Every structure is written in structure tokens, then in C-alpha cells.
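Engineer: below: sequence and its predicted model.
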Amino acid sequence: MTRTTHDRDLLWELIEDIKFAMFTTRHSNGHLHSRPMTTQNSELDEQSSLWFFVSRRSEIVTDIATQPQVNIAYADPGDDSYVSVSGDAAVVENPAKKEQLWSKATEAWFPGGINDPDLALLEVRITHANYWDVKDSKLVQLYKMAKAAVTGQPPTELGEHGEVRMK
């Protein structure tokens with residue numbers, strides 16, 4: 001297994017069960033704008049892309065037209081797993097991919113169905129990601145933090161932090 005394949009598999013393992021992410025773009029005024037989005041993938045493809053459905057009239061489409069670099073933040077506090085994904089976004093015209101990713105839940109946002117003229121397919125090609133993943137139980141984490149408070153030494157070994165690169 002190549003490093004890129006291993007990194008892609010690790011990244012997907014961390015985010016696959018997190019249905020909502022905060023999708024951040026840079027607005028034309030320079031401000032960062034974040035909004036909740038649903039990742040449509042059931043796995044990462046060979047291009048290490050994440051896929052989203054958006055309205056063609058949305059700020060996201062306007063923002064990425066001038067600044068395609070985006071961030072997608074995933075958080076699962078219950079599992080103490082956090083991932084920050086950076087990549088390049090683009091609206092993609094791919095009817096077969098739309099069909100593959102379409103679900104009944106998507107229809108709530110796009111009542112015109114898969115052929116809704118407002119439905120845009122957004123691809124984010126991942127460039128890199130950072131993750132923080134804690135395997136210890138909450139009790140062990142509390143013990144390590146209490147020990148740090150008593151000793152005056154910052155807690156160590158509170159989980160795994162890493163970076164994966166796709167390009």
C-alpha cells in the first residue's frame with residue numbers, strides 16, 4: 001500500500017461517519033464564511049475528492065469562482081475525533097456522478113430532483129488534512145489532565161495528531 005493510499009484510507013476512516021461538516025470559503029470581501037454541509041461520498045475516490053450538492057445560486061458557488069481554496073472541518077466530539085481538510089473546489093458538470101451520489105434526502109433541498117436546474121455538483125480535491133484522534137476513554141483523559149494540573153506539566157499522549165498530504 002502506498003503512503004497516499006494509506007493516508008486516504010486513514011482520512012476516510014476518520015470522517016466517513018460524520019454526516020455534517022463546516023464548509024469554509026473566502027468571500028469576495030476577504031471574510032471567511034462557514035456553513036454546514038453534508039458530504040455525499042460513501043468513500044474517497046482515486047482523486048481524493050469530497051463531493052457536495054449545492055445551489056447554483058449559493059454564496060459557495062460565487063465564492064469558489066474567485067477563490068477555489070476551501071476548508072472543511074469535521075468534528076465528532078463523542079469519539080474525540082477532529083479533522084480539518086483543505087482543498088480546491090470546483091463546480092463539476094457530471095450527470096453520472098450526480099446520479100451516483102443522489103439520495104432521497106437530497107430531494108428535500110432540491111425538489112426538482114436530479115435534473116433540478118439549480119442543482120450543482122461541487123468537487124473538493126483534497127490537498128492535505130490535519131487530524132486529532134483521541135483513543136483514551138474520558139476517564140483516562142481526565143486523569144491525564146488532572147495530573148498535568150497537579151504537576152504543572154502540560155498533558156502528553158492525549159491522542160494522535162497527524163497530517164496527511166494528497167498532492
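Structural biologist: Yep, that arrived.

Engineer: ranges for the strands of the protein?
Structural biologist: 20-26, 32-38, 49-55, 69-76, 81-92, 119-133, 160-165 (DSSP state E).

Engineer: in the protein, where is pLDDT below threshold?
Structural biologist: 1-5, 135-162, 167 (pLDDT under 70).

Engineer: quick one on the thing from earlier: out of the strands of the chain, deepest packed?
Structural biologist: For the strands of the chain, the largest average neighbour count (mean count of other Cβ atoms under 10 Å) is found in strand 49-55, namely a mean of 20. Glycine gets a C-beta too; all of them are placed from N, C-alpha and C.

Engineer: relative to strand 119-133, how tilted is it?
Structural biologist: Interaxial angle, strand 49-55 versus strand 119-133 (axes from the mean of the first three to the mean of the last three Cα atoms, to 10 degrees): 130 degrees.

Engineer: which elements pack onto strand 49-55?
Structural biologist: strand 32-38, helix 59-66, strand 81-92, helix 95-101, strand 119-133 (3 or more Cβ pairs under 8 Å, 6 or more residues apart in numbering; DSSP states H and E).

Engineer: could I have the CA atoms of it written out in PDB?
Structural biologist: Output of strand 49-55 as PDB, limited to C-alpha atoms (Å, rounded to 0.1, in the frame of the first residue of the first chain):
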ATOM      1  CA  SER A  49     -12.200  14.200  -3.700                       C
ATOM      2  CA  LEU A  50     -15.100  15.100  -1.400                       C
ATOM      3  CA  TRP A  51     -18.500  15.700  -3.100                       C
ATOM      4  CA  PHE A  52     -21.300  18.100  -2.200                       C
ATOM      5  CA  PHE A  53     -24.600  19.200  -3.700                       C
ATOM      6  CA  VAL A  54     -25.200  23.000  -3.600                       C
ATOM      7  CA  SER A  55     -27.500  25.500  -5.100                       C
END
